[in-house]
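Colleague: Predicted structure and sequence below. I'll ask about it afterward.
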Amino acid sequence: VVRGFARYLSAFDPATEVPPTGLLPPGTRRITPYLFSEADIDVLLAAADRLTTALSADTFHSVIALLSVTGMRVGETAGLDRADIDWEEGLITIRHAKFDKSRQIPVHGTTMAALAGYAQRRDAALAAKGKANGPSFFVSNTGTRLTAQRISTNIGFLIRETDLWNTSTGRRPRAHDLRHSFAVRTLLDWYRTGADVNQRLPLLSTYLGHVKPAHTYWYLHAAPELMALAAQRLDEYRQDKP
C-alpha cells in the first residue's frame, strides 16, 4: 500500500523515494477461526449420530465431544491409545504431541463416563465384526486407527451437512476450531467468575500443551462477549484506583 502511494506521489515529486520490493518479510497470515457455540456443537454431534454405521456414528460423536471439552489437537485424539486413559485418576496421557512432547490432562467425571461408554460399545461392535482389539482408542468402522486427516475430513463433511457451513461471518468452521473455541470458552468462564485471568493463563497454556503462555494468545481471539467482559474488568480496575 505504501509503495503504491509513493509511486503516485513520485509523479508529482520526482524526489519521492519508492520503497523497494522485498524490503519487509511477508507477515504471517492465519485463518480467523470459527468459534463454536454450545448450540453449534449440539448440531455437529447430531450430524455425527446420523452417520450410516453405528460404530462410525459413535466414534465421531465421541471424538467431537472430546475435542470440544478438552481443546486437544486433532492429531492428539487420533494418537490416543487405550492405555492412555487412566480411569481411576481421571487423566488422559497425550504422547508425542507437537514438538514430540507429552503431557497429562485431567478431565471431568462426565467425560470419563462418556469415554467408558464408548469403549464398551466399541469393543462390542468390533467383537461382532470378528475384529481383534488393537491399541488405538478411537477406531474406524473396520477397527483400524483413525488418522488426523481422516478426522478433520469427516468433521468437515459433517459441518457441510449442517447449517454451520453457511455462517453469517463467511468463516468456514474446521475441526481445529474446536480447540480455539475451548480456549476462548475457558477464558470467558474465568472472566464471568471473577477469576484472575493473568494468573490462570499459564494453567490453560499447560493444559493445551503450549511451551509458554504467549503461544496461547494465538487462540484467544476477540470474541465480542470476551471483549465486553475484558472491558468491564478494566473499568472496574480503574474505578478501584485512587
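Modeller: Nice, thanks for sending it over.
Colleague: hang on, residue 144 packs against residue 133?
Modeller: No - judged on Cβ atoms under 8 Å, residue 144 makes no contact with residue 133 at a distance of 11.8 Å. For every residue, glycine as well, the C-beta is placed using N, CA and C.
Colleague: Please work out how many residues are found near residue 68.
Modeller: 20 (other Cβ atoms under 10 Å).
Colleague: same thing with residue 204?
Modeller: Count around residue 204 with other Cβ under 10 Å applied: 20.
Colleague: Distance from the helix or strand hosting it to the middle of the chain?
Modeller: Using DSSP states H and E, residue 204 sits in helix 197-208. Centroid displacement of helix 197-208 relative to its chain, using Cα atoms, centre = their mean, to the nearest Å, is 16 Å.
Colleague: Please save the CA atoms from it in PDB.
Modeller: Output of helix 197-208 as PDB, limited to C-alpha atoms (Å, rounded to 0.1, in the frame of the first residue of the first chain):
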ATOM      1  CA  VAL A 197      -7.100 -14.400  34.300                       C
ATOM      2  CA  ASN A 198      -3.500 -13.500  34.100                       C
ATOM      3  CA  GLN A 199      -2.700 -15.800  36.900                       C
ATOM      4  CA  ARG A 200      -4.600 -18.700  35.400                       C
ATOM      5  CA  LEU A 201      -3.500 -18.300  31.800                       C
ATOM      6  CA  PRO A 202      -0.300 -20.500  32.400                       C
ATOM      7  CA  LEU A 203      -2.700 -23.300  33.500                       C
ATOM      8  CA  LEU A 204      -4.600 -23.100  30.200                       C
ATOM      9  CA  SER A 205      -1.300 -22.900  28.400                       C
ATOM     10  CA  THR A 206       0.000 -26.100  30.100                       C
ATOM     11  CA  TYR A 207      -3.300 -27.900  29.500                       C
ATOM     12  CA  LEU A 208      -3.200 -27.100  25.800                       C
END
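Colleague: heads up, I number from 129, so please use that
Modeller: Happy to do that; since the first residue is 129 now, the last one works out to helix 325-336.
Colleague: Run through the neighbouring helices and strands of the helix or strand following that helix.
Modeller: Next in sequence after helix 325-336, counting helices and strands by DSSP H and E, comes helix 341-344. With contacts defined as 3 or more Cβ pairs under 8 Å, 6 or more residues apart in numbering; DSSP states H and E, helix 341-344 has these neighbours: helix 325-336.
Colleague: by contact count, what packs against the helix it packs on?
Modeller: Going by 3+ Cβ pairs under 8 Å, 6+ apart, helix 325-336 lies up against helix 305-320, helix 341-344.
Colleague: Show me which residues of the one helix or strand residue 191 maps to are buried.
Modeller: Secondary structure assignment for residue 191, by DSSP H and E: helix 182-198. Residues of helix 182-198 classed as buried: 183-198 (neighbour count, 16 or more other Cβ atoms under 10 Å).
Colleague: repeat for stretch 201-209
Modeller: 201, 202, 203, 204, 205, 206, 207, 208.
Colleague: Please name whichever of the helices and strands packed on helix 325-336 is nearest to residue 229.
Modeller: Proximity to residue 229, assessed across those by Cβ to Cβ, is greatest for helix 341-344 (12.2 Å).
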